[in-house]
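Asker: Quick one: sequence plus predicted model below, questions after.
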Amino acid sequence: MRSPTDLDLLRELEPVAEANVNRHLSVAQEWMPHEYVPWSLGRDFDALPWEAEQSTLPAAARIAFELNLLTEDNLPSYHRLIAEGFGKEGAWGTWVHRWTAEEGRHAIAMRDYLMVTRGADPVGLERDRMFAMSSGFDREDAFALREMAYVSFQELATRVSHRNTGRACAEPYAEKLLTRVATDENLHMIFYRNMVAAALELEPSRTVQAIRDEILGFQMPGVGIRDFRRKAIQIARAGIYNLRIHHDDVVTPILRQWRFFELTGLDADAEQAREDVSTFLTGLDAAANAQQEKLDRTTARIHQRGEALASA
């Protein structure tokens with residue numbers, strides 16, 4: 001729900017939103033989901049039931065691919081949130097609907113790819129989709145500034161996740177498709193990042209506090225997916241998305257783009273918020289190092305077991 005303060009800010013940002021919608025439309029490329037799917041590989045599931053060994057994707061890449069797809073499936077919840085946060089009128093409304101239309105292509109193409117290539121269990125995938133969408137996705141106490149800050153980080157995190165998943169698939173069609181999806185996510189991130197930059201000029205102290213809240217409380221939108229934590233660990237182990245990537249490739253670049261630690265004229269609450277972010281980043285960096293050390297030890301143990309079995 002938009003507060004009177006939110007409505008005032010959105011009205012002030014309307015010209016910036018319009019300029020960024022126009023910029024997006026000028027650079028976004030039309031693409032067709034069906035052109036990214038190797039349809040000739042398709043076979044009827046009644047004639048040939050699915051079995052795990054039919055998938056050619058590495059295990060971690062398959063898990064990441066499925067998790068990313070299930071995240072994309074929750075688009076109705078995301079549309080509701082940004083429509084409530086930004087409204088359906090003017091440039092904001094144009095953006096809400098355009099963003100939703102572009103995001104809708106992602107799940108279409110990704111599911112078609114997995115079904116045609118037998119990259120996922122169709123029954124398990126559908127049950128997981130029903131589970132995730134029946135739960136939906138929501139955010140408490142979200143308002144326009146926090147929504148803009150959240151999606152700035154989330155869109156970049158999603159771009160990185162899709163791109164790294166495509167590489168991990170080691171399959172040309174998958175990499176081409178997920179690179180295309182990642183390109184969309186990057187353009188979406190730029191829109192939101194630019195809107196936050198404009199908000200920092202209009203209301204720097206309130207915007208800094210919103211950024212702080214989103215960094216400290218950040219969760220990927222797929223957090224409600226069945227077995228999310230277990231799958232996230234496997235994805236981290238494979239280097240597709242982990243704390244180091246989140247620190248180095250998502251949070252830090254956006255803060256640098258906003259010149260977050262160089263802003264002046266902040267009130268006391270905003271200065272404290274910025275200090276909170278600095279402290280958090282130090283902790284995140286340490287946690288990323290600890291996670292990598294743990295993953296390295298686990299990988300070494302697995303390798304040693306493999307060598308022992310091979311020599312037995």
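Answerer: Received it, and whenever you're ready, just let me know what you need. What you see is a predicted model; the values in this text were computed from it and never measured.

Asker: what about stretch 34-54, how long is it end to end?
Answerer: End-to-end span of stretch 34-54 (C-alpha to C-alpha, to the nearest Å): 22 Å.

Asker: And that stretch, how far out from the chain middle?
Answerer: Computed by C-alpha atoms, centre = their mean, to the nearest Å, the separation of stretch 34-54 from the middle of its chain amounts to 27 Å.

Asker: And it, what's buried?
Answerer: Counting neighbours by 16 or more other C-beta atoms under 10 Å, one finds that the buried residues in stretch 34-54 are 36-37, 50. (Each C-beta comes from the backbone N, C-alpha and C, glycine too.)

Asker: Kindly reformat those residues as a markdown table containing pLDDT and secondary structure.
Answerer: As requested, the buried residues of stretch 34-54 are exported to a markdown table (pLDDT from 0 to 100; DSSP: H, G, I helix; E, B strand; the rest coil):
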| residue | pLDDT | secondary structure |
| --- | --- | --- |
| Tyr36 | 97 | helix |
| Val37 | 97 | coil |
| Trp50 | 96 | coil |
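
Asker: any idea how far the nearest residue to Ala52 once chain neighbours are set aside is from Ser55?
Answerer: In space, and not counting its chain neighbours, Ala52 is closest to Asp121: 7.4 Å by C-beta to C-beta, 6 or more residues apart in numbering. In this view, Asp121 and Ser55 are 9 Å apart by C-beta to C-beta, to the nearest Å.

Asker: Likewise for Leu13?
Answerer: Taking C-beta to C-beta, one finds Leu13 at 46 Å from Ser55.

Asker: Between the two, which is the more surrounded one?
Answerer: Leu13 (24 against 18; other C-beta atoms under 10 Å).

Asker: So for that one, what's the nearest residue that isn't a sequence neighbour?
Answerer: Once flanking residues are discounted, Leu13 sits nearest to Ala198: 5.7 Å by C-beta to C-beta, 6+ apart.

Asker: One more: Asn164?
Answerer: Ile240 (4.5 Å).

Asker: Distance check, the one you found against Tyr192.
Answerer: 23 Å.

Asker: same thing with Arg212?
Answerer: Taken as C-beta to C-beta, the span from Arg212 to Tyr192 is 17 Å.

Asker: Please state the mean pLDDT value computed over the strand or helix carrying Glu155.
Answerer: Assigned by DSSP states H and E, Glu155 falls within helix 144-169. Across helix 144-169, the average pLDDT comes to 96.

Asker: Now do it: distance to the chain's middle.
Answerer: That offset, for helix 144-169, works out to 3 Å (C-alpha atoms, centre = their mean).

Asker: which parts of that helix are buried?
Answerer: Buried residues in helix 144-169 (16+ other C-beta under 10 Å): 144-166, 168-169.

Asker: For the closest residue to Ser161 other than its chain neighbours, which residues are in contact?
Answerer: Spatially, and ignoring its direct neighbours in sequence, Ser161 is nearest to Tyr241 (4.7 Å; C-beta to C-beta, 6+ apart). Residues near Tyr241 by C-beta atoms under 8 Å, 6 or more residues apart in numbering: 64, 157, 160-161, 164, 232, 235.

Asker: do you know how far Tyr241 is from Arg212?
Answerer: Taken as C-beta to C-beta, the span from Tyr241 to Arg212 is 23 Å.

Asker: cool, and Pro49?
Answerer: In terms of C-beta to C-beta, Pro49 sits 51 Å off from Arg212.

Asker: got it, and Phe191?
Answerer: Relative to Arg212, Phe191 is positioned 22 Å away (criterion: C-beta to C-beta).

Asker: Quick check on Phe45: phi, psi?
Answerer: The phi/psi pair for Phe45 (degrees, to the nearest 10) reads phi -70, psi -20.

Asker: For it, give me its contacts.
Answerer: Contacts of Phe45 (C-beta under 8 Å, 6+ apart): Pro122.

Asker: and if you look at Ile240?
Answerer: Here Ile240 is in contact with 60-61, 64, 161, 164-165, 168 (C-beta under 8 Å, 6+ apart).

Asker: related to what we said a few turns ago, any chance of the buried residues of stretch 34-54 in JSON lines, with distance to His24 too?
Answerer: Listed next are those as JSON lines, based on distance: C-beta to C-beta, whole Å:
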{"residue": "Tyr36", "distance to His24": "21"}
{"residue": "Val37", "distance to His24": "26"}
{"residue": "Trp50", "distance to His24": "39"}
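
Asker: Return the member of these nearest to Thr117.
Answerer: Val37 (8.4 Å; C-beta to C-beta).

Asker: what number of residues lie near the closest residue to the closest one other than its chain neighbours?
Answerer: Nearest residue to Val37, sequence neighbours excluded (C-beta to C-beta, 6+ apart): Asp112, at 4.5 Å. For Asp112, the count of nearby residues is 18 (other C-beta under 10 Å).

Asker: how about the strands in this protein?
Answerer: When assigned using DSSP state E, the chain turns out to have no strands.
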